[in-house]
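Colleague: sequence-free structure coming up:
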């Protein structure tokens, strides 16, 4: 290389260019709504099982259709974990919990972006699988596929030749961490679905309660029962998952039993003892502490206030450590300003922490409270500002000027460590790609991946902000479910700060896939748990059959089935329908306010017979109850 000398004038000019470039980068205002949409597409790319006709990721096809057959159980569905084809239950469940929490806390923001349908579909793809994997109260199938054999092969999921061995936990082989996290996922999903599909919500809650009881009664580490998971997702303990599950069940049911559980076990299980600087698929303490702080901040602590204050003190520790205001006991940061927790796939810890800070900011703001740090009191807005700084780093405001979400921005990783993305689709390359051939022909190929896996959050840069866009650098280029789960809520909140209009981005088509709220599948083995009015033979099955947006308002077509569950005919049914905002078909109004009756030709409901009515409105479902019947 030729030696060059920089004169003072040239040096000043270069510095000025650098400053101007930095100022331009600082002024960058990202389109978080676009990043959210692409993140949701990543979950479609990770789908296992029979894919729907409206699948947007067209280079994927059906796969894993015999999962569970050898064990006599249907385990088709769910998500592949990362760039491989194993379905690991623990990180998958944590991902669904994060998706659900985002849908709960930022429901308005996601709805305003016309993404609630897509978000619930992402949740539903996981929860349907979890319920199939939970065929008995004390049995949970926690993994499909073996990590060791799977990693020996590089092949498309559609071509899988590796063993699809399934592993379970039960009374004799417990896994409190796995069962607890799955209970948390189902309980949080029940809250997310409640305004849209109360039947499905109730079904989720049945499974969540059973799994929590199983986790609490038969205690043990899941990776002691499923040894195949130990080299990939080793559990550091299960006490946090038990507290986590109980906290979510309290949110879902408002039953004091669950609140008393987290209070009575606060010390023994470390809830008020562990001060942590990490929130992840393995360590839930910070999430428990912030979720229980909500109870305190809402003034619902009652007799448990003293212990809940101890939980909040630890929540503050986590938040202060992220904000670098914890008297030196802080989370490490890279020179470029990124939180740095682990060498392997560090961005998953960044997204979970950022989401948690955004949620805590909401809780504190709602209570007109401040964050108390050793270095002083902090306004809630500062937590959100810090979460935004981390999101902006991920999207391109970093020393590499690299977006770490594939397909977002002008510069992003193109050699993603992902089997399906690195080999042409079955529709393009119709011949089988074998185990060894995949490595020889596609893994070591220097060119970019033939399939763009939109929305994939890669592992990210190292502690010095350096990044190698190399398929073999899996610590940096492999995406994971658990890294993307928190992004939906985070991006929706950040987009709301900039306004909802996203240039060149239209999600308003009534026929688009994201506009349909998932309803119970007719092929589902489990029976639906409907809304059953106490003391009556009538039960309701409430679902949503369509949805669309007009301007900023999203409208839902609600379908309600009334079924006579008794052995006798039921006549003169009168319904009270409250909070109805739009038109209704299939019932006759009566002179009484908000009161309806069955149509003339349906006055008599025979045993086991049913009738249907529909209504349209924006937002949550109407409240329906039986006034009278004969």
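Modeller: Perfect, I can see it now. Computed from a predicted model, the values in this text were never measured in an experiment. Numbering: from 1, shown residues only.

Colleague: buried sites along stretch 132-140?
Modeller: Buried positions in stretch 132-140, judged by neighbour count with 16 or more other CB atoms under 10 Å: 132, 133, 134, 135, 138, 139, 140. Just so you know, the C-beta spots here come from the backbone N, C-alpha and C atoms, and that holds for glycine as well.

Colleague: and the furthest pair within those residues?
Modeller: 132 and 138 (16.0 Å; CB to CB).

Colleague: contacting residues around the residue positioned nearest the centre of the chain?
Modeller: Per CA atoms, centre = their mean, the C-alpha nearest to the average position across the chain is that of residue 99, at 1.8 Å. With CB atoms under 8 Å, 6 or more residues apart in numbering as the criterion, the residues that contact residue 99 are 119, 122, 123, 126, 192, 485, 488, 489.

Colleague: could you identify the most distant pair in those residues?
Modeller: Longest span within these, CB to CB: 126 and 489, 15.6 Å.

Colleague: Serialize the contacts of residue 99 to TSV and add fields for neighbour count and distance to residue 225.
Modeller: Compiled in TSV, these are given as follows (neighbours: other CB atoms under 10 Å; distance: CB to CB, whole Å):
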residue	neighbour count	distance to residue 225
119	27	32
122	30	28
123	27	26
126	27	21
192	28	29
485	31	25
488	30	31
489	27	32
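
Colleague: list just the nearest of these to residue 53.
Modeller: The shortest approach to residue 53 among the contacts of residue 99 belongs to residue 122, at 17.3 Å (CB to CB).

Colleague: quick check: that closest one touching residue 43?
Modeller: Yes: using CB atoms under 8 Å, residue 122 is in contact with residue 43, at 4.5 Å.

Colleague: quick one on the thing from earlier: got CSV for the buried residues of stretch 132-140, with distance to residue 146, secondary structure and pLDDT too?
Modeller: Shown next, in CSV, are the buried residues of stretch 132-140 (distance: CB to CB, whole Å; DSSP: H, G, I helix; E, B strand; the rest coil; pLDDT from 0 to 100):
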residue, distance to residue 146, secondary structure, pLDDT
132, 20, helix, 97
133, 17, coil, 98
134, 21, coil, 98
135, 22, coil, 97
138, 24, coil, 98
139, 20, strand, 98
140, 18, strand, 98
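
Colleague: any chance of those in JSON lines, plus distance to residue 414?
Modeller: Output for the buried residues of stretch 132-140, formatted as JSON lines (distance: CB to CB, whole Å):
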{"residue": "132", "distance to residue 414": "36"}
{"residue": "133", "distance to residue 414": "35"}
{"residue": "134", "distance to residue 414": "39"}
{"residue": "135", "distance to residue 414": "42"}
{"residue": "138", "distance to residue 414": "47"}
{"residue": "139", "distance to residue 414": "43"}
{"residue": "140", "distance to residue 414": "38"}
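
Colleague: among those, which one lies nearest to residue 422?
Modeller: residue 133 (28.8 Å).

Colleague: nearest residue to that closest one other than its sequence neighbours?
Modeller: residue 141 (4.0 Å; CB to CB, 6 or more residues apart in numbering).

Colleague: how about the secondary structure of that neighbour?
Modeller: strand (DSSP: H, G, I helix; E, B strand; the rest coil).

Colleague: pretty sure it contacts residue 67?
Modeller: No: look at residue 141 against residue 67 with CB under 8 Å: they stay out of range, at 9.4 Å.

Colleague: what do these two both touch?
Modeller: Residues touching both residue 141 and residue 67 by CB under 8 Å, 6+ apart: 75, 166.

Colleague: low-confidence ranges in the stretch 1-150 of the chain?
Modeller: Where the stretch 1-150 of the chain drops to pLDDT under 70, the residues are 1-29.

Colleague: my error: substitute the chain in the last question.
Modeller: Looking at the chain by pLDDT under 70, you get 1-29, 500-535, 548-553, 585, 600-602, 619.

Colleague: okay but residue 245 is in contact with residue 183, surely?
Modeller: Yes: using CB under 8 Å, residue 245 is in contact with residue 183, at 4.1 Å.

Colleague: overlap of the contact sets of those two?
Modeller: 208, 211, 212, 215.

Colleague: just to be sure, the third one is in a helix?
Modeller: I take that to be residue 212. Yes: secondary structure of residue 212 (three-state DSSP): part of a helix.

Colleague: show me what contacts it?
Modeller: 179, 180, 183, 187, 242, 245, 246, 249.

Colleague: identify, from those residues, the entry nearest to residue 554.
Modeller: For the contacts of residue 212, the nearest to residue 554 is residue 187 (25.1 Å; CB to CB).

Colleague: three-state assignment of the closest one?
Modeller: helix.

Colleague: show me what contacts it?
Modeller: Contacts of residue 187 (CB under 8 Å, 6+ apart): 204, 205, 208, 212, 245, 248, 249, 251, 252, 253.

Colleague: got phi/psi on the third one?
Modeller: By that I understand residue 208. phi -60, psi -40 (degrees, to the nearest 10).
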